[in-house]
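Visitor: model the structure of this input:
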Amino acid sequence: MSSADLEKEADQLRTKIQSHNQRYYQQDAPSITDAEYDLIMRRLQEIEAQNPSLVTSDSPTRRVGASPAGEFKQIDHRMPMLSLDNAFDDNEVSAFIDRLCSRLKTEEKPELVAEPKLDGIAVSLMYRKGVLEYAVTRGDGRSGEDITANVRTISSIPLKLKVANVPELLEVRGEIFMPLLVFEAYNKKALKDGTNPLVNPRNAAAGSLRQLDSTVTAERSLMMMAYSLGFVESGSGFLSADGFLLAEGSPADTHWKVLQRLGELGFVINPLMQCVTGPDECKSYYQDIATKREFLEYDIDGIVYKVNSLELQEKLGFVSRAPRWAIARKFPAQEKSTKLLNVDFQVGRTGAITPVARLESIFVGGVTVSNATLHNRDEIDRLGVKIGDEVIVRRAGDVIPKIVSVSKPGGGAEIEFPARCPVCDSEVEQIEGEVVIRCTGGLVCSAQRIEALRHFVSRKAMDIDRLGNKLIEQMVLEDPPILHSPADIYHLDISAVANLERMADKSASNLVRAIEASKETILPRFIYALGIREVGEVTALALANHFGNLQDCQKASLDELVQVPDVGPIVAGHLRGFFDNEDNLAVIDELLASGINWPSIEKPSTNMPLFGNTYVLTGSLESFTRDEAGRQIQALGAKVSGSVSAKTSALVAGPGAGSKLTKAEKLGIPVLSEQDLLNLLETYSA
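Guide: Next up, the predicted model:
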C-alpha cells in the first residue's frame, strides 16, 4: 500500500475506535465484541509501528502508556478550580436556596441542576483546537500536577473532540474514578498474588493518576465523567457561554446545555442528573439517589446542586474558595458493626501512647477498615469496650475511623494499658491533669525518633519532600541506625543513601540536593520543625516575630514566654523544658553548624500602620494561604494569633470558619472577609 493509502486507513481506524469508545462508555451500547475491537486496535498499532510519521497526538494507541516520567511538573490553572461549600441536612440546602433568592433579589426559586457527587479525583483537561494538550490535577486550586501521560490512557476521555467547531482553547473539568467492579477485581487478584490490595476506590484513582509509569495507569481501567467547563477562548478572546455553542449553533446558556454539549463532544456525563427547583425537589432527588447509592457502579459521597442559568451564576459570583451558586449536600457518616479483635499501642512523636483497635475488616464509608482509634483510657472507659465485643465503627469522608459504641458484648478481656513502652521498654508516665500516658524514653525510643524525624522533614517544617516515611523508618531501624536525630539528616551523603534498599545513585543524589535546599528556611519553620510539644505553626510564628531571633527565644524565662501571643503557662513550660535540655541544645547547635539559616526578622516599629493590632485568620482563603496572609499582615506591624480573645483586633474569616467565628461574634470583634483583608492590605501597601 502507498503511504497515502496507509494514512487514510489509519485515519479511518482512529475514527472507528473513537466511535466504538463513545458507544461503549457513553451509550452503554457496544456494537462490536471486545475481540473485534482488539483487531481494529492491533491493525492501527501495526500501521503506526511500521510508519512512525503517521502517529498522531490523538491516536488511541497512545493510551497504552509511555516510559516512566521523572517527576510531575506543576501547571497553573487558567481559572481557579474551586471547592464547594457543604450542606449536611435538608435545612442547610433550604437555607442555601434562600440565600440565592436574597442575593438575586427575587422570591422565585432558581432552577438547579442536581447530580451525584462522585468520590474521585477532580481534573482539568485543556484542548487546543479540539486535541488534548494537557491534563492537570486540582492541586491547591491555583496549580496542579501535570498528569497528561496518565490521562491519555483513560479510554473514556477523548483525545480529540468529535466536532470541528470548537473554541481555540477549551477546558473541560471532571472527576476521574475507579469503577467498583475494577476495584474489587484488582483486590481479589492482589490477595491471590500476595500483594498489597488497594485501600479504597478514591485512593486507588489518586494513586493510579500519580504513577510515574503510565503503563501502570493504563492497567487500572479508570473512567471520567465531565461536570463543567473551565477556561474557554476563541479568536475574540475569553468567552463564557457565548463562545461555546450547541450543535445547532445556539449558545449554551445553561449548565444543563453545557453538559449536553460535552456529551456531544465525546465526554461521558452522568445520566442521573436532573433539573430541580425548590427545597422539596432537592430533597426528593437526594432521597432517590441515596436509595440507588449501593447499586451504582461507582462511589458517591453526596449530591451537588448548581444554579442552572450561567447568567445567574455570573451574578452570584464567588466567595473565597467556593462559588455562591453551588453547594454539596453530603451523605451522613456511614456506620457498620464488626468485631474488636485486639488493641495495640502506638507511640507518637511526643511519647504519647495511644490505643489502636484492631478489627475484623469491614467496608465502611468507601474504605476497607481494619483499624480504628480509641483515643485514650477515658474513652475506653466511657465506651465500656472489651476485647471480643461487637462494636459500631463510624467513618465520614477522610475522618479517621472511630468506635462509637458497643453493639454486643463479647465477654472478653479488659483492655490493659502498658506499664512500660511497647517499643523501647522505657517507663511510662502520666502527668497530673492529662489523660495520656507517655513513654519517657525520648530519642532512645525508635518510635519517637521516627515520628520526630517525619515531623522535622514535613512540608510545613523543613520541607524535605524526598525524605519519605518509609525511608526515615529504614534509616532509624538500620543496624546500626543511620539517623539518631534531625542533625544526622544533614550529614547524609550520596554513597550512604544509595546503598539503602530501593535507592540508587540518582534518587540518592536528588535526596541530598533536597536536603541541601532545605537549609534556606525561615525562623518560624525551624522552630516548628523542632517538634516542641503544643508548638504548632501559629505559635512558632508568634515566637519568631516576638523575639526576632532564636537565641532570645531559647533564653526567655517563663514570664517572658507567656507575654507571647498564643503562649500560655503550659506551652511556656514545654518550651522551657525543651530549651533546658542539653541534648536538645546540642542538636540545635549541630543543625545550625550544618548551614541552616534564615533571613533576619525585623521587629515591628510603632510607626508601622497596623502596629499594636492582633489579627486571627480562620477558614479557607482563595488569594493566598493563611500563612501568606499572616506574613503580609505582620509586614504592616500587626501580630497574628491562633486564638480569639478580647485583645483580638479583627478576625479574618473564610469559608469553613467555625468556633473562632462564633467566639468573635460573641465578643463583638470585627469580622473581615477575604476581600476586606485584601482592601486593607492594598490601602496600607500603596
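
Visitor: now for whichever helix or strand A542 is part of, which elements pack on it?
Guide: Element membership of A542, judged by DSSP states H and E, is helix 537-547. Other helices and strands packing on helix 537-547, by 3 or more CB pairs under 8 Å, 6 or more residues apart in numbering; DSSP states H and E, are helix 523-529, helix 550-555, helix 626-634, strand 639-641. No exception for glycine: its C-beta is placed from N, CA and C like everyone else's.

Visitor: what about 10 Å?
Guide: Packed against helix 537-547, as judged by 3 or more CB pairs under 10 Å, 6 or more residues apart in numbering; DSSP states H and E, are the following elements: helix 523-529, helix 550-555, helix 558-561, helix 569-579, strand 614-618, helix 626-634, strand 639-641.

Visitor: closest to L680 out of the ones you listed?
Guide: If you check each of those against L680 by CB to CB, helix 626-634 wins as the nearest, at 8.4 Å.

Visitor: now the angle between helix 537-547 and that closest one, please.
Guide: Helix 626-634 and helix 537-547 are oriented at 20 degrees to each other (axes from the mean of the first three to the mean of the last three CA atoms, to 10 degrees).

Visitor: give me the distance from helix 626-634 to the chain's centre.
Guide: Here the centre of mass of C-alpha atoms in helix 626-634, compared against the chain's by CA atoms, centre = their mean, to the nearest Å, lies 22 Å away.

Visitor: tell me the contacts of the residue most central in space within the chain?
Guide: The central residue of the chain, meaning the one whose C-alpha is nearest the mean C-alpha position (CA atoms, centre = their mean), is G139 at 7.5 Å. Contact analysis of G139 by CB atoms under 10 Å, 6 or more residues apart in numbering lists Q74, I75, D76, H77, M81, A122, S124, E145.

Visitor: now tabulate those residues in CSV and tack on neighbour count, distance to L667 and pLDDT.
Guide: What follows is those, written out as CSV (neighbours: other CB atoms under 10 Å; distance: CB to CB, whole Å; pLDDT from 0 to 100):
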residue, neighbour count, distance to L667, pLDDT
Q74, 13, 41, 86
I75, 19, 44, 90
D76, 10, 40, 88
H77, 22, 38, 89
M81, 22, 36, 86
A122, 19, 38, 93
S124, 25, 42, 95
E145, 19, 42, 89
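
Visitor: including secondary structure and distance to T254, could those residues go into a markdown table?
Guide: Supplementary listing: the contacts of G139 in a markdown table, determined by DSSP: H, G, I helix; E, B strand; the rest coil; distance: CB to CB, whole Å:
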| residue | secondary structure | distance to T254 |
| --- | --- | --- |
| Q74 | strand | 34 |
| I75 | strand | 29 |
| D76 | strand | 29 |
| H77 | coil | 24 |
| M81 | coil | 21 |
| A122 | strand | 22 |
| S124 | strand | 22 |
| E145 | strand | 32 |
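
Visitor: specify which member of the residues you listed is nearest to R525.
Guide: Where the contacts of G139 are concerned, and distances follow CB to CB, R525 has its nearest neighbour in Q74, at 20.8 Å.

Visitor: residues contacting that closest one?
Guide: Counting by CB under 10 Å, 6+ apart, Q74 touches V136, T137, G139, D140, R142, S143, G144, E145, D146.

Visitor: could you report the distance from it to F547?
Guide: Using CB to CB, to the nearest Å, one obtains 35 Å as the distance from Q74 to F547.

Visitor: all helices for the stretch 301-450 of the chain, in order.
Guide: 310-316, 377-383, 446-457 (DSSP state H, counting those that start in this stretch).

Visitor: which of these is buried the deepest?
Guide: For the helices of the stretch 301-450 of the chain, the largest average neighbour count (mean count of other CB atoms under 10 Å) is found in helix 446-457, namely a mean of 22.

Visitor: can you give me the mean pLDDT across that helix?
Guide: Mean per-residue pLDDT for helix 446-457: 92.

Visitor: how about Q632: what's its closest non-neighbour residue?
Guide: With CB to CB, 6 or more residues apart in numbering as the measure, L681 is the residue that lies nearest to Q632, at 5.5 Å, once sequence neighbours are left out.

Visitor: the one you found contacts L636, correct?
Guide: Yes - applying CB atoms under 10 Å as the test, L681 and L636 come out as touching, 7.4 Å apart.

Visitor: find residues that contact each of those two.
Guide: Common neighbours of L681 and L636, counting by CB under 10 Å, 6+ apart, are L610.

Visitor: quick revisit: out of the helices of the stretch 301-450 of the chain, nearest to R103?
Guide: Distance to R103, taken as CB to CB, is lowest for helix 310-316 among those, at 5.8 Å.

Visitor: name the helices or strands packed onto the closest one?
Guide: Using 3+ CB pairs under 10 Å, 6+ apart as the contact criterion, the neighbours of helix 310-316 among helices and strands are helix 90-104, helix 255-264, strand 300-307.

Visitor: would you turn the helices and strands packed on helix 537-547 into JSON lines with mean pLDDT and distance to G468?
Guide: Shown next, in JSON lines, are the helices and strands packed on helix 537-547 (pLDDT from 0 to 100; distance: least, CB to CB, whole Å):
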{"stretch": "helix 523-529", "mean pLDDT": "94", "distance to G468": "16"}
{"stretch": "helix 550-555", "mean pLDDT": "95", "distance to G468": "28"}
{"stretch": "helix 558-561", "mean pLDDT": "94", "distance to G468": "34"}
{"stretch": "helix 569-579", "mean pLDDT": "91", "distance to G468": "26"}
{"stretch": "strand 614-618", "mean pLDDT": "88", "distance to G468": "30"}
{"stretch": "helix 626-634", "mean pLDDT": "81", "distance to G468": "23"}
{"stretch": "strand 639-641", "mean pLDDT": "82", "distance to G468": "31"}
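
Visitor: looking at these, spot the one closest to N21.
Guide: Distances from N21 to each of these were compared using CB to CB; the shortest belongs to helix 626-634, at 43.6 Å.

Visitor: buried stuff in the closest one?
Guide: Of the residues in helix 626-634, those buried by neighbour count under the rule 16 or more other CB atoms under 10 Å are R626, D627, A629, G630, R631, Q632, I633, Q634.

Visitor: burial count for the nearest residue to K306 once chain neighbours are set aside?
Guide: Here the nearest residue to K306 in space, its sequence neighbours aside, is A326; by CB to CB, 6+ apart that works out to 4.4 Å. When neighbours are defined as other CB atoms under 10 Å, A326 has 21 of them.

Visitor: check D389 too.
Guide: Count around D389 with other CB under 10 Å applied: 20.

Visitor: residues of whichever strand or helix holds R43 that come out buried?
Guide: Here R43 is covered by helix 34-50, with elements defined by DSSP H and E. Applying a neighbour-count criterion of 16+ other CB under 10 Å, the buried positions in helix 34-50 are Y37, I40, M41, L44, I47, E48.

Visitor: mean confidence for that helix?
Guide: Model confidence over helix 34-50, given as mean pLDDT, is 77.

Visitor: how far away from the center of its chain is that helix?
Guide: For helix 34-50, the gap between its own C-alpha mean and the chain's C-alpha mean amounts to 39 Å (CA atoms, centre = their mean).

Visitor: then stretch 95-113?
Guide: In terms of CA atoms, centre = their mean, the centre of stretch 95-113 is set 31 Å apart from its chain centre.

Visitor: give me the pLDDT for G237.
Guide: Taken from the predicted model, the pLDDT recorded for G237 is 32.
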